[in-house]
Each structure stands twice: as C-alpha cells, then as structure tokens.
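Whatever this is, show me its structure:
(one chain, ligands or ions: 1)
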Amino acid sequence: MTAASRQMKLGAFLWATGHHIAAWRHPKAHVTAGIDIDHYIQLARTAEAAKFDMVFCEDAAGLREANVAISSQTSRSIGFEPISLLSALAVQTSRIGLVSTASTSYNEPYGLARTFLSLDHLSGGRGGWNLVTSASPIEAANFGSTGLRPHADRYQRAREFAEVVTGLWRGKPGGASGSGHDSQSFSVRDPLDLPRSPQGAPVLVQAGASDVGRDLAARTADVVFTAAQTFEEAKAFYDDLKGRLAAYGREPDDIKIMPGVAPVVAETTTQAQEKYEELQELIPDDVGVALLSSYLSIADLWRYPIDGPLPELPPSEGMQSRQALVIEQSRRDNLSIRQLARHFAGARGHWRIVGTAAQVADELQARFEGGAADGFNVMPSYFPGELDAFATLVVPELQRRGLFRKDYEGRTLRDHLGLKRPM
Ligand SMILES: Cc1cc2nc3c(=O)[nH]c(=O)nc-3n(C[C@H](O)[C@H](O)[C@H](O)COP(=O)(O)O)c2cc1C
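Sure thing, here's the model as predicted:
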C-alpha cells in the first residue's frame with residue numbers, strides 16, 4: 001500500500017455502559033447493558049455498518065471494584081465473559097473482526113488456543129486474541145492464594161504461552177519445533193482438534209507497554225493496543241516498538257499500533273464541551289481516587305490530602321506502563337490528586353478528544369499522518385449514544401478525507417487490517 005492510500009484502522013472498544021467511569025449514571029446510559037445481548041448486537045451492528053475493523057473487549061476475571069466497596073462502580077463490572085459474548089456476536093454479524101482479551105496468567109495455552117480458533121472458525125476468520133498478563137490482585141485472588149505473580153514472571157510465562165498458542169494455530173503440537181512442547185510451565189503433546197483458521201491464524205493483539213511488554217509485542221503481536229496521552233508519548237512508543245521488529249526478522253508494517261482514544265463528539269464545540277462536563281460532574285471523588293489508586297498500585301492514596309500532589313511512589317508490580325503515564329502527567333501539569341483522579345477517571349488513562357467531527361478527525365489525522373498510530377481503538381464514553389455519534393459524525397468525515405474505508409474489501413480480520421497470512 002502506498003503512503004497516499006494508507007488508511008487508518010478502527011476498533012470499537014465495547015464495554016457495558018461505556019468507558020467513562022460515570023457512564024452508568026448518565027441519563028442516556030443503559031444501566032444493565034453488561035448482561036443484555038441485544039445491546040451488544042446493536043453495538044456490533046453499528047460498528048459493522050460504519051466499517052470498523054473490529055469490535056474489541058477487555059477482560060478481568062473478577063469483580064473489579066470488589067475491594068473498593070463503592071457500589072456505584074460495580075455496574076461497570078457486571079458483564080458477560082467476552083469470548084462467549086463474541087461467539088454470539090459472530091453469528092449476528094458478517095464482516096467485522098471480533099477481538100477479546102484473555103490472560104496468560106490464568107489460562108493454559110492449549111485450552112485458549114482452541115477457544116480462539118473456534119471463535120475464528122465460527123466467524124469465518126474474524127477472530128483475534130488480545131494477550132494480557134493481567135495486573136490486578138483482585139483477579140489473582142480468584143485463581144489460587146498466592147497473589148499476583150511478579151511482573152517479570154508474568155511476562156516470562158506470557159512469552160512461552162504465546163509461542164505454544166501460535167504453534168498450535170499453525171497446526172503444530174505446541175511450540176515452533178512442531179514436536180510437542182514440554183517445559184516447566186507447559187506440556188502439550190498433540191495438535192488442536194481443529195483445522196487451520198480461514199485467515200491462517202487468529203489475529204494476535206498485545207496490550208502491555210513496559211519494556212518486556214514491548215519486546216513480547218515485537219516478537220509475536222499483529223496489533224498493539226496502547227494508551228498515550230500526548231502526541232510525543234504516542235510517537236515515542238510507535239517508533240520504539242516499530243524499531244524493535246527488525247531484531248525478530250519482521251517489517252514495520254507487520255504490526256499495527258492502535259492507541260485508545262476516548263472522543264466526545266457533537267455538532268458544535270460548545271455542545272461537545274457540555275457533554276463532556278456533564279459526564280465529569282457525575283464522577284464521585286472517591287470513585288476517581290479509587291481508580292487512580294489501582295493504576296498506581298497504591299492502596300492508601302486516600303490518606304493523602306486530595307488537593308495536594310501525588311506522593312513519591314515505588315515502582316509498580318502491576319501496570320508499570322500506566323503508573324509511569326500517571327506520574328508523568330501529574331508532574332507535567334502540576335496536578336493535585338483530585339485533578340489527576342478526575343482526569344484519568346474520564347478516559348481511564350487514554351487520550352481524550354472533545355470537539356466536533358472535524359476537530360476529532362483533525363486530531364486523529366495528525367497522529368495517524370504524524371507517524372504516531374496506525375489506527376485507533378475507539379472508546380465511547382457511554383453506549384449506545386457515543387458510538388452512534390462517532391459512527392454518524394466522525395466516520396463520514398474520515399471517509400471524506402480518504403482516511404478510512406467506505407466498504408470492506410476482504411472477509412477476514414487480517415484482510416481488514418492489511419496483515420499477512422501467517423505461514
Ligand atoms: C492499553 C492497555 C490495555 C490493557 N487491557 C487489559 C485488560 O483488558 N485486562 C487485563 O487484565 N489487563 C489489561 N492490560 C494490562 C496487561 O495485563 C499488561 O499485561 C499489564 O499492563 C502489565 O504490563 P505492562 O506493565 O507491560 O503494561 C492492558 C494494558 C494496556 C497498556
């Protein structure tokens with residue numbers, strides 16, 4: 001594809017009532033959305049009609065806010081297990097990709113390889129796995145009593161896990177060698193009980209942005225989901241990751257980097273700003289501080305004066321990349337704990353754009369053409385309203401500019417993303 005015809009990739013990141021932490025309190029939100037299949041079918045069809053590359057689901061096997069004791073947050077936590085959900089959406093859609101998060105810490109590679117390859121066959125080659133190592137102690141507590149494994153151990157396991165899974169997807173009984181896989185972590189004797197995927201292999205997405213996380217992505221991923229606030233952060237991440245590919249015999253275009261973006265879009269700038277402020281006003285301070293605490297892996301942030309600065313923090317065993325991003329923002333903009341909490345609660349650490357369709361398109365175009373992204377994982381503030389707004393206002397604007405497809409050309413997720421079929 002020539003530079004002139006390069007088009008951005010778009011994911012529709014689905015999440016129950018919406019991505020804004022107070023989404024469920026919005027007057028137009030659908031509070032029991034997380035367990036309403038018709039709601040998800042509607043969202044997937046909206047995204048497909050707008051020609052998104054994929055719908056995307058996050059995951060954490062646990063009641064996310066269980067130890068926060070804030071009942072107001074739990075409506076965000078209630079929802080379907082995402083691979084089951086996507087299997088249902090597979091038969092209600094025909095072109096859009098279906099990507100779910102699943103953890104390398106709480107699964108076994110043979111089972112997960114089989115589940116995703118089944119999703120891929122069910123959907124005619126539209127499946128994808130977002131590999132995460134899982135950073136939450138809440139989730140760890142549901143899988144044994146030993147707690148969260150150290151960051152380095154999680155990634156060591158993830159690397160081997162990915163090798164076994166991708167081997168199985170290529171018809172081998174685990175591992176690149178093809179002669180079975182036997183190590184301390186995993187032992188796999190046979191190939192899968194399924195033929196190869198219609199797209200060669202499900203798409204492998206990776207979310208994890210620390211140094212080892214990036215290395216794992218460079219080694220194995222087709223798509224990288226990431227969080228960046230500023231253009232400079234996004235560009236530095238993009239250049240760094242693309243620069244790591246050569247070491248693994250890969251080309252820069254073999255990986256699509258898709259940062260999250262949380263747009264609030266309306267017909268006029270004033271309306272968009274009002275919409276955003278309406279949502280921000282719905283965030284209780286304790287909810288904002290609780291979320292910030294989880295990003296910083298610090299249990300007692302509430303002990304510090306809410307209008308004072310962040311305290312000095314030890315390096316995280318949880319999400320190192322997100323902790324670094326929060327600290328960087330607090331120092332850069334000299335924000336108090338309350339201001340930071342509000343800032344991050346809204347978009348959960350992702351990039352926020354508030355404006356008209358043209359303004360949102362300008363910003364996306366600048367990052368896309370400036371070499372800071374290959375596309376974006378769109379995180380609507382509340383559903384279905386903000387996905388509808390993006391689909392009806394922003395997508396046509398991107399299409400007019402030649403930056404996004406007007407129709408699907410291929411049938412598989414790899415086709416949409418412009419990814420090679422694996423050997
Ligand atoms: C953009 C982004 C999205 C993520 N989504 C999830 C998720 O849905 N579930 C989850 O358990 N972890 C998620 N993670 C965290 C991963 O578990 C990742 O392995 C963790 O951040 C630790 O790695 P890191 O320090 O390399 O970022 C995400 C991380 C990033 C950067």
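
Please look at residue 307 and residue 336 and confirm they touch.
Yes. Counting by C-beta atoms under 8 Å, residue 307 touches residue 336, with 4.8 Å between them. Backbone N, C-alpha and C define where each C-beta goes, glycine included.

Between these two, which is the more surrounded one?
Here residue 307 and residue 336 are compared on neighbour count by other C-beta atoms under 10 Å; more neighbours surround residue 336, at 16 against 9.

who's in contact with stretch 293-313?
With C-beta atoms under 8 Å, 6 or more residues apart in numbering as the test, stretch 293-313 has contacts from 136, 285-286, 289-290, 292, 316-319, 322-323, 326-327, 330, 334-338, 340-341, 344, 349.

residue contacts, residue 126?
Counting by C-beta under 8 Å, 6+ apart, residue 126 touches 54, 90, 93, 95, 96, 97, 98, 120, 199, 411, 412, 413.

and the residue lying farthest from the centre of the chain, which of the three is it?
The centre of the chain is farthest from one residue, residue 179, which by C-alpha atoms, centre = their mean lies 33.6 Å away. Assigned by DSSP: H, G, I helix; E, B strand; the rest coil, the conformation of residue 179 is coil.

In contact with it, which residues?
The contact partners of residue 179, by C-beta under 8 Å, 6+ apart, come to residue 173.

That one and residue 173, how far apart?
To residue 173, residue 179 is 7 Å away according to C-beta to C-beta, to the nearest Å.

do residue 345 as well
Computed as C-beta to C-beta, the residue 345 to residue 173 distance reads 46 Å.

Could you do residue 189 as well?
Distance from residue 189 to residue 173, by C-beta to C-beta: 6 Å.

How about residue 274?
As for residue 274, its distance to residue 173 is 58 Å (criterion: C-beta to C-beta).

between those two, who's got more neighbours?
More neighbours surround residue 173 than the other of residue 274 and residue 173, with 18 against 14 (other C-beta under 10 Å).

you'd agree that one is in a helix?
No. Counting by three-state DSSP, residue 173 is not part of a helix but coil.

so where does the closest residue to the ligand within the stretch 101-250 of the chain fall, helix or strand?
The stretch 101-250 of the chain approaches the ligand most closely through residue 213 (2.8 Å), counting by C-beta to the nearest ligand atom. Assigning secondary structure by DSSP states H and E places residue 213 in helix 211-220.

Please identify the buried residues of that helix?
212, 213, 214, 215, 216, 217, 218, 219, 220 (16 or more other C-beta atoms under 10 Å).

likewise stretch 234-248?
By 16+ other C-beta under 10 Å, the buried positions in stretch 234-248 come out as 234, 235, 237, 238, 241, 242, 244, 245.

For the residue lying closest to the second one once chain neighbours are set aside, which residues are in contact?
Closest residue to residue 235 apart from its sequence neighbours, by C-beta to C-beta, 6 or more residues apart in numbering: residue 372 at 4.1 Å. By C-beta under 8 Å, 6+ apart, the contact set of residue 372 is 228, 231, 234, 235, 237, 238, 259.

Check residue 372 and give its pLDDT.
We have a pLDDT of 98 for residue 372.

for the one 10 residues further on, same thing?
Residue 382 carries a pLDDT score of 92 in this model.

what do you get for the one 10 residues further on?
At residue 392 the predicted local distance difference test score is 98.

Likewise for residue 65?
What the model reports for residue 65 is a pLDDT of 59.

Residue 328 is in what secondary structure piece?
For residue 328, the host element (DSSP H and E) is helix 320-333.

Tell me how many other residues crowd the residue lying closest to residue 99 once chain neighbours are set aside.
Sequence neighbours aside, residue 128 is the residue nearest to residue 99 in space, at 3.6 Å (criterion: C-beta to C-beta, 6+ apart). Neighbourhood size, residue 128 [other C-beta under 10 Å]: 29.

Residue 128 reaches residue 412, doesn't it?
No. Counting by C-beta under 8 Å, residue 128 stays clear of residue 412, with 10.2 Å between them.

if I look at the two, which residues touch both of them?
Jointly contacting residue 128 and residue 412 under the rule C-beta under 8 Å, 6+ apart are residue 97.

Quick one: name the residues of the stretch 201-350 of the chain near the ligand.
Residues of the stretch 201-350 of the chain lying near the ligand by C-beta under 6 Å from any ligand atom: 207, 208, 209, 210, 213, 225, 226, 227, 260, 319, 320, 321.

Need the residues you listed in TSV (columns: pLDDT).
As requested, these are exported to TSV (pLDDT from 0 to 100):
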residue	pLDDT
207	94
208	86
209	89
210	93
213	96
225	96
226	95
227	92
260	97
319	73
320	75
321	77
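
coming back round to it: C-terminal to the helix holding residue 328, what's the next element?
Proceeding N to C from helix 320-333, the next assigned helix or strand is helix 337-347, under DSSP H and E.

How about residues contacting that next one?
19-22, 260, 262, 276, 279-280, 283, 285, 287-289, 291-292, 295, 301, 304-310, 326, 329-330, 333, 335, 352, 379, 381.

Got a ChimeraX select line for the buried ones in these?
Buried residues within these, by 16+ other C-beta under 10 Å, are selected in ChimeraX with:
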select :19,20,21,22,260,262,276,279,280,283,287,288,289,291,292,295,301,310,326,329,330,335,352,379,381
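
Could you state which residue of the chain sits nearest its centroid?
residue 225 (5.2 Å).

Now it. Its backbone dihedrals?
phi -100, psi 130 (degrees, to the nearest 10).
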